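>>> what follows is a predicted structure for the sequence shown.
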Amino acid sequence: MSKIIDGLYYSESHEYVKVEGDFGFIGITDFAQHELGNVVYVDMPEVDDEVTAGEEFGAVESVKAASDLMSPVSGTVVEVNEALEDEPGLINKDAFENWIIKVELSDKSELDGLMDAAAYKDMIGE
Amino acid sequence: MSYKFFPHTDEEMRAMLATAGVKSLDDLYQDVPQELQLKKEYELPESMSEIEVRRFFDELGMYNIPMRSFLGAGFYDHYSPAVVQDILKRSEFLTAYTPYQAEISQGTLQYIFEYQSMMAELTGMEVSNASMYDGTTATAEAMMMAVSNAKKRKRVLVSETISPYVLRVVKTYAKYQGIQIDMIPAKGGVMDHDALKVELEKDDVAGVIVATPNFYGILEDYTGVAEMCHEHKALLIMNCVATALSVVKSPAEWGADIAVGDGQSLGIPLNYGGPYVGFLCTTKKLIRKMPGRIVGATKDADGKRAFVLTLQAREQHIRREKATSNICSNQSLMALYVTIYMGLMGAKGLKEVNSISYSNAHYLAESLVNTGLFEMAYPDKPFLNEFAVKTKLNIDELQEYCNDEYLQCGLKIADDTLLIAVTETYSREDCDDLVDACVTFSEEKEGK
Amino acid sequence: MNNTFYGKLIFELSQNGRQGYSLPENRCAEYKMSDLPKGLMRENAPLLPEVDELSVVRHYTNMSNNNFGVDTGFYPLGSCTMKYNPKINEEIAAHREFTGLHPLQNPETTQGALAVYYLLQTSLAEISGLKEFTLNPYAGAHGELTGLMILRGYHLERGDVKRTKVIIPDSAHGTNPASSAVCGLDVVVVKSRPDGTVDVDDLRPLLDDTVAGMMMTNPNTLGIFEQNIGVIAKAVHDAGGLMYYDGANLNPMLGKVRPGDIGFDIMHINLHKTFSTPHGGGGPGSGPVGVREGLEHLLPNPRVVKVEEEDYEYFKLECSDKSIGSISGHLGNFGVMMRALAYIRTLGRDQLKWVGPLATLNANYIKESLKDVYELPISGVCKHEFVYDGLKDKSTGVTTLDVAKRLLDYGFHAPTIYFPLLFHEALMVEPTENESKQTLDEFIRIMRVIAQEAKDDPEMVKTAPHNTPVRRLDDTQAALHPIVTWRELVAENQ
């Protein structure tokens, strides 16, 4: 049974957004890290890159799978989680603690199109 | 139906059909609609015994005319050690599949690791993939890698001094990828750096492809080129002649991001165009953008050193429609070829190969010029073992004349220009014979 | 035969001052390479090993002992058609009259080689029921890319630029969608029915005027013949698309069915699969591409063309602007073509026709012999290969991977595992026509032994293999922290 945290926004492609003021922390859900298995690499954008809702911004790789990261929201990357460069397995340890990018949101109304914890829970069937 | 490749006896066949639950071999195709089944014999010759097969190919072989060849243009007749050919026959290497089951494929995996190590050394780059089909497709793959790395840029610049045989393949791949190829003109046989600068300043270039030695055999000076590319966020891709890299400035020393080329010059026989082996080396930073397979070192359950296919998440069978390269295999056996070759030759042997080729080529160039029939096409440019000469002789007729003497005098690259290569496999006398043939041809022409 | 001394890397055998080569004396030594400008020369020599000849020979000979090939033992790797590679092919391919030819040599001096190309090309066309083949692609995947370029080129030359969609079954080889993407085509996946064949009802709505074509392999990756192929081909053709045949599974069709006769327009062949050329541990391969009449002009440059004069004929190379362009340095992996032609001439029309039926017999024999202990998700007659969905008894926790690894202990190569993706525990077996009943019986016996071991001692099976040169490898560490060169390995150990 995967961990799901209330108060976050979830996408159908298993990313989450944790909103703090004008900023959003984007990562993959605990369910997604389970499905992938041991994460061996996280391909991240650079600071100041623009991300667009519904578009790819990077990828996570395990030994036998690769999955594109789709941004749930639009905005500008203000920080990337550099700890993941040396230790991508942190995502397996705690996917919600170890976000991937921090974005300055350009359109907060996009959040309305995402799922809440309950809806996401339904989607993954747990 | 007794045949050497089909071990089924009549009795066994009956038993197997019974187990399979059918009455005849035809019944095994009962699910194939009758109208789709082949109702005739293939229009092919009857089977042949080994004696007949040998004779058949012997007869075809007589239509090939062996030549002493001064052709190069990316394909060179270097010395091929007996050891390599012999080890390549080992069926444990020859008849294995891709090393998916690492526990029983350490032979393949280890030589690929050695290959990667040697190619990284030769190019000076940090990493190499497990090899590619050939130099032309490796260059096209490097182009796609640069475009995928640049994300939104779809323009690639190519120096006019690159081999046209590489260029035409790059252009085909580019067309179907929607990549725009623009040529950087040559000046005096080398790329015009000012023209490159103008194009780079448009800040829409994903990569720049240059050659060393270039198509005319010239060692170009790429000082400042990598810096210029990087300043404008373009990758520098260098297409190289493998053997030359042991002595000429390496792609890494020039600051290239990707080194590609054909490994044929590392002793692989000319084979009428293949099999050869392509190489693609890059920086550690770009390793996950690199196409093809990669072998890595790891440990087994007992802690013993072992090798395994790694970073497979990049590959086509996992990425499927998201893949940026569709390459599945490498050119494994030919990678083994060049690995054994480099193992035998070492850096010293490779240097000697280049040194003798250099001396032979310079001797031939000077001898040809001394006849008064030829002049160097690019007299002030340094070359290693290949050079272009201009002549007033009719090149087509000269080639035909030389062919009759069992000589290939070089490749016609313009109406008045021949591209000539010499390696260590040809002696001073071979060079003299070519010069003599040219002189005799000219005299006979004038005599008429 | 595993002497640890020979488990070293060649770099570890190196001693400064040794050499493994001999070259002639430089007789033009008055011309010195050291005269080249310093700024164009390499500063440090590459770090290559220095080893004597015998050490090199022993090193690689011993290394080969850690490998398993078709000549070593039964190799039932599904979808890979690991058939016997006849020795005569190797002898023919080493023919010096051919190996010394330079690709840019005057074609008048290479007529024998061009004849080999032409004869193989026309033989493949006859076997496939298509008009003409190019042999230029270097491998199956390269052929696939070339074939798709032709497919796309066909629409582009008519100005029908909106056709960018290629339909691919969900059971397809991973290369199909990857090749499509590299060719600039958009992939649309069509679902399979429970029996693994294409769902025609799912297909029909996808067929609009943006469809460039459809890729299929038949029999499909489950070894099932797509009976609806006639209906599918008509639907795709009616929608204006072309049918592409992935020749990976051509082997069972030999003697029985020709792709060109059942609606396919373009196809590639893997010579190492159907036509017995060695796989070489991952190449060199050859991936000829065939087309039906009307598409020949799109074949890649150069083409080998036969010219018939009144009293003689000869071959020439031809390049055309209408072609998709060049996809290889010259004419592809010529050495591989020599082998394939030797194979076709050796078997001839009277023996080639048995290849498909005997490969199919062998597959069905194994399939029926083990279905009481291995889960057979699709019953009925298969073609050259079939898929089990793991052990029937799932309670032991022993997976398909474990069964595969345990097979290695018994001296068999493992079947293909976890492909196709339609089943969780896919175990795909392809025995080929060359295997005897005795070999198949022994494989069947061992598969039963493993099924029993899974019950009696699951832990032992899960930790297999136990008797191989190395045990299971840590591939997570390899991917997490890639060490891909000798230099990195040395740095790591310091």
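Structure's in. What do you need? Residues are numbered from 1 along each chain as shown, chains lettered A, B, ... in the order given.

>>> now do whichever strand or helix holds residue A:42, average pLDDT.
Assessed by DSSP states H and E, residue A:42 sits inside strand A:39-43. What strand A:39-43 shows for mean pLDDT is 90.

>>> other SSEs contacting that strand?
The contact analysis (3 or more C-beta pairs under 8 Å, 6 or more residues apart in numbering or on different chains; DSSP states H and E) places strand A:39-43 against strand A:56-62, helix A:90-93, helix C:475-480. For every residue, glycine as well, the C-beta is placed using N, CA and C.

>>> make TSV from the ones you listed and add mean neighbour count and distance to residue B:207 to it.
Listed next are the helices and strands packed on strand A:39-43 as TSV, based on neighbours: other C-beta atoms under 10 Å in any protein chain shown; distance: least, C-beta to C-beta, whole Å:
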stretch	mean neighbour count	distance to residue B:207
strand A:56-62	21	21
helix A:90-93	18	32
helix C:475-480	22	27
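
>>> adding distance to chain B, write those out as TSV.
TSV is the format used below for those (distance: least, C-beta to the nearest C-beta, whole Å):
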stretch	distance to chain B
strand A:56-62	4
helix A:90-93	14
helix C:475-480	4
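
>>> show me the shaky parts of the chain.
All of this is about chain A. By pLDDT under 70, the weakly predicted segments of chain A are A:126.

>>> think we crossed wires, I meant chain B
Applying pLDDT under 70 to chain B flags the ranges B:1, B:316-318, B:448.

>>> which residues of it lie near chain A?
Neighbours of chain A within chain B, by C-beta under 8 Å from any C-beta of the partner chain: B:288, B:311-314, B:318-319, B:322.

>>> by proximity to chain A, which residue of chain C wins?
For chain C, the nearest residue to chain A under the criterion C-beta to the nearest C-beta is residue C:479, separated by 4.0 Å.

>>> pretty sure that residue contacts residue A:64?
No. The criterion here is C-beta atoms under 8 Å, and residue C:479 misses it with residue A:64 at 9.3 Å.

>>> any shared contact partners between the two?
Both residue C:479 and residue A:64 are contacted by B:312-313, under the criterion C-beta atoms under 8 Å, 6 or more residues apart in numbering or on different chains.

>>> just the helices in the stretch 1-150 of chain B please.
For the stretch 1-150 of chain B, applying DSSP state H, counting those that start in this stretch gives helices covering B:10-20, B:50-61, B:82-88, B:91-94, B:106-123, B:135-150.

>>> which strands or helices does the longest one pack on?
Yep, that's helix B:106-123 we're talking about. In terms of contacts (3+ C-beta pairs under 8 Å, 6+ apart), helix B:106-123 is packed against helix B:91-94, strand B:127-128, strand B:278-282, strand B:294-299, strand B:305-310, helix B:332-370, helix C:53-64, helix C:486-493.

>>> adding distance to residue C:310 and mean neighbour count, write the ones you listed out as JSON lines.
JSON lines is the format used below for the helices and strands packed on helix B:106-123 (distance: least, C-beta to C-beta, whole Å; neighbours: other C-beta atoms under 10 Å in any protein chain shown):
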{"stretch": "helix B:91-94", "distance to residue C:310": "45", "mean neighbour count": "21"}
{"stretch": "strand B:127-128", "distance to residue C:310": "54", "mean neighbour count": "26"}
{"stretch": "strand B:278-282", "distance to residue C:310": "44", "mean neighbour count": "30"}
{"stretch": "strand B:294-299", "distance to residue C:310": "57", "mean neighbour count": "24"}
{"stretch": "strand B:305-310", "distance to residue C:310": "57", "mean neighbour count": "25"}
{"stretch": "helix B:332-370", "distance to residue C:310": "41", "mean neighbour count": "24"}
{"stretch": "helix C:53-64", "distance to residue C:310": "54", "mean neighbour count": "19"}
{"stretch": "helix C:486-493", "distance to residue C:310": "63", "mean neighbour count": "15"}
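
>>> any idea which of those gets closest to residue C:132?
Residue C:132 lies closest to strand B:278-282 among the helices and strands packed on helix B:106-123, at 26.9 Å (C-beta to C-beta).

>>> for the longest helix belonging to chain C, what is the average pLDDT?
Criterion DSSP state H: the longest helix present in chain C is helix C:334-370. Throughout helix C:334-370, pLDDT has a mean value of 98.

>>> mind checking if it is in reach of chain B?
Yes. Counting by C-beta under 8 Å from any C-beta, chain B has neighbours in helix C:334-370: C:334-336, C:338, C:342, C:344-354, C:357-358, C:360-362, C:364-365, C:367-369.

>>> select only the buried ones of those in ChimeraX?
Those of the residues of helix C:334-370 next to chain B that count as buried under 16 or more other C-beta atoms under 10 Å in any protein chain shown are selected in ChimeraX with:
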select /C:334,335,336,338,342,344,345,346,347,348,349,351,352,353,354,357,358,360,361,362,364,365,367,368,369
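
>>> filtering the residues of helix C:334-370 next to chain B by proximity to chain A, which remain?
For chain A, no contacts are drawn from those by C-beta under 8 Å from any C-beta.

>>> quick one, helices of the stretch 351-494 of chain C?
Under the criterion DSSP H, counting those that start in this stretch, the stretch 351-494 of chain C carries helices at the ranges C:400-409, C:437-456, C:458-462, C:475-480, C:486-493.

>>> residue B:16 is in contact with residue C:437, correct?
Yes. Residue C:437 is in contact with residue B:16 according to C-beta under 8 Å; the separation is 6.2 Å.

>>> okay, those two: which has more neighbours?
More neighbours surround residue B:16 than the other of residue C:437 and residue B:16, with 23 against 19 (other C-beta atoms under 10 Å in any protein chain shown).

>>> ok, for that one, nearest residue in space, not its chain neighbours?
residue C:365 (4.5 Å; C-beta to C-beta, 6 or more residues apart in numbering or on different chains).
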